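Undergrad: Give me coordinates for this.
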Amino acid sequence: MLRIHFTDADLARTRMAAEPDPLWEIGLSLCRFQTRQGRWAHAGWYRDTRQRLAETGLDRIVRTTLIPLFPRAAYYPDFLNPAEAADGLDAGLTAIVTTPPDRIRREVRHFASITTAPSWAERLVERDVREDLADCLRRYYDTAIAPYNDRAQARIDAERSIRARALLHGGTEALLRGLGPTIRWQAPVLHVEYPAIDCDLRLGGRGLLLVPSYFCWGWPIALADPLLPPVLVYPLLHEAPAPAPADTAPLAVLLGRTRAVVLRATATGATTGELARTAGVSAPTASQHTTALRDAGLISSHRHGPMVLHTLTPLGASLLRAATKRSW
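TA: Numbers count the residues shown, from 1 in each chain. Below you'll find the predicted structure:
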């Protein structure tokens, strides 16, 4: 169990990432190759990415370099997940390359004490080795992560819409209460299920950055070093894939101005009542539109207390972006 202790200042400084963190997604996606747990949620990614890695010749690098450095274990070096990655892949890779050797040496020793570290890990103190690693990470990202960025971003946008509403209705504590089944808020401590680890993290006024992750599965993850900027990476909930429709009828009912207005209004998350007001229709009519959009796989609906919040699916987000580009 990880216990994260908040002060009033920490509650005020808690925030949520707006975009997928590229280096966390790299590390967590590599874990998806190392277990069958949650394979159903990433089945399409797993199949397509294995094929792309083989076609580009990156499969050997993944097996011999990346997976040994990012094992599905209780720890891998914190410097591989720098805070700078919040500003993008380039900033994150630069931070890895410029990490002080003393810190790398310390973290690699800790890594080796917990799991089987690759024999060459000690050479990461050498800048040219880190530059080579950065090149491997970039190539892997371009092949395995970038093609799924739109899908991950759509899921994070939906998550932020849900959490923003919780924040507006009940403050930061309400946001913390709804983070998932493995996270429990009991003021002033956030209890996080953490396998094989029992520790406390005292934020001490620094606040907490919440990072929803497309590839995280099972348990949330935090950095091991309590002196680093506090981060909690937690899994987005994946819905079981819906069976394919027997025909194309659900897509046909999408045509029409009102339904297009409803779809656009769902981009930032909206309740049925809000959609009805935006489209100028009754609540039952708005509900019919959301049912059609949901049946076509363009939106998802989640009940939160007395309200139902509708958000875009990755397919819906892609369709809306394409429509915007064409100025429909």
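Undergrad: ok, Ile61 - how many residues close by?
TA: 17 (other C-beta atoms under 10 Å). Where you see a C-beta, it was placed from the backbone N, CA and C, and this is true even at glycine.
Undergrad: mind listing what it touches?
TA: Ile61 makes contact with Cys136, Arg139, Tyr140 under the criterion C-beta atoms under 8 Å, 6 or more residues apart in numbering.
Undergrad: Over to Leu201. Which of the three states is it?
TA: Assigned state for Leu201: strand (three-state reduction, DSSP: H, G, I helix; E, B strand; the rest coil).
Undergrad: any idea how far Ala222 is from it?
TA: Using C-beta to C-beta, to the nearest Å, one obtains 7 Å as the distance from Leu201 to Ala222.
Undergrad: Overlap in contacts, the two.
TA: With contacts defined as C-beta under 8 Å, 6+ apart, the residues adjacent to both Leu201 and Ala222 are Leu2, Ile4, Pro230.
Undergrad: Wait, the last one touches Gly204, no?
TA: What it means is Pro230. No: using C-beta atoms under 8 Å, Pro230 is not in contact with Gly204, being 9.0 Å away.
Undergrad: So for those two, which sits in the more crowded spot?
TA: Summary of the neighbour comparison: Pro230 and Gly204, criterion other C-beta under 10 Å, with Pro230 having more neighbours (22 against 13).
Undergrad: how near is the more buried one to Val192?
TA: Spatial separation of Pro230 from Val192 under the definition C-beta to C-beta is 12 Å.
Undergrad: list the residues that contact both of these two?
TA: With C-beta under 8 Å, 6+ apart applied, the overlap between the contact sets of Pro230 and Val192 consists of Ile4, Ala222.
Undergrad: The stretch 151-300 of the chain: helices as residue ranges?
TA: With DSSP state H, counting those that start in this stretch, the ranges of helices along the stretch 151-300 of the chain come out as 249-252, 257-265, 272-279, 283-295.
Undergrad: need the ones you listed in CSV with mean neighbour count and distance to Gly218, can you?
TA: Formatted as CSV, the helices of the stretch 151-300 of the chain follow (neighbours: other C-beta atoms under 10 Å; distance: least, C-beta to C-beta, whole Å):
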stretch, mean neighbour count, distance to Gly218
helix 249-252, 13, 33
helix 257-265, 18, 33
helix 272-279, 18, 33
helix 283-295, 18, 27
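Undergrad: Of those, which is nearest Pro212?
TA: With C-beta to C-beta, the closest approach to Pro212 among these belongs to helix 283-295: 21.7 Å.
Undergrad: Convert the closest one to PDB, retaining C-alpha atoms only.
TA: Presented in PDB, the C-alpha positions along helix 283-295 are these (Å, rounded to 0.1, in the frame of the first residue of the first chain):
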ATOM      1  CA  ALA A 283     -34.400  15.700 -23.100                       C
ATOM      2  CA  PRO A 284     -36.000  12.500 -24.500                       C
ATOM      3  CA  THR A 285     -35.000  13.600 -28.000                       C
ATOM      4  CA  ALA A 286     -31.400  14.300 -26.900                       C
ATOM      5  CA  SER A 287     -31.400  10.800 -25.200                       C
ATOM      6  CA  GLN A 288     -32.400   9.200 -28.500                       C
ATOM      7  CA  HIS A 289     -29.500  11.000 -30.300                       C
ATOM      8  CA  THR A 290     -27.000   9.900 -27.600                       C
ATOM      9  CA  THR A 291     -28.300   6.300 -28.000                       C
ATOM     10  CA  ALA A 292     -27.700   6.400 -31.700                       C
ATOM     11  CA  LEU A 293     -24.200   7.900 -31.300                       C
ATOM     12  CA  ARG A 294     -23.300   5.400 -28.600                       C
ATOM     13  CA  ASP A 295     -24.600   2.400 -30.700                       C
END
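Undergrad: Which residue ranges make up each domain of this structure?
TA: Residue ranges for each domain of the chain read 2-17+151-235, 22-148, 249-325, as given by automatic domain parsing.
Undergrad: Columns mean pLDDT on top of those, output as a markdown table?
TA: As requested, these are arranged in a markdown table below (pLDDT from 0 to 100):
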| stretch | mean pLDDT |
| --- | --- |
| domain 2-17+151-235 | 92 |
| domain 22-148 | 95 |
| domain 249-325 | 79 |
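Undergrad: Can you show me the strands along this protein?
TA: Taking DSSP state E, the strands of the chain run over residues 2-5, 15-16, 183-186, 189-192, 199-202, 209-213, 221-222, 231-235, 270-271, 299-304, 307-312.
Undergrad: Make CSV out of those and add distance to Thr290 and mean neighbour count.
TA: Below are the strands of the chain laid out as CSV (distance: least, C-beta to C-beta, whole Å; neighbours: other C-beta atoms under 10 Å):
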stretch, distance to Thr290, mean neighbour count
strand 2-5, 36, 18
strand 15-16, 25, 14
strand 183-186, 29, 16
strand 189-192, 33, 19
strand 199-202, 40, 14
strand 209-213, 23, 22
strand 221-222, 34, 23
strand 231-235, 26, 21
strand 270-271, 9, 22
strand 299-304, 6, 16
strand 307-312, 5, 20
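Undergrad: mind putting the ones you listed in JSON lines, distance to Gly92 included?
TA: JSON lines is the format used below for those (distance: least, C-beta to C-beta, whole Å):
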{"stretch": "strand 2-5", "distance to Gly92": "23"}
{"stretch": "strand 15-16", "distance to Gly92": "18"}
{"stretch": "strand 183-186", "distance to Gly92": "25"}
{"stretch": "strand 189-192", "distance to Gly92": "24"}
{"stretch": "strand 199-202", "distance to Gly92": "22"}
{"stretch": "strand 209-213", "distance to Gly92": "13"}
{"stretch": "strand 221-222", "distance to Gly92": "16"}
{"stretch": "strand 231-235", "distance to Gly92": "13"}
{"stretch": "strand 270-271", "distance to Gly92": "33"}
{"stretch": "strand 299-304", "distance to Gly92": "30"}
{"stretch": "strand 307-312", "distance to Gly92": "27"}
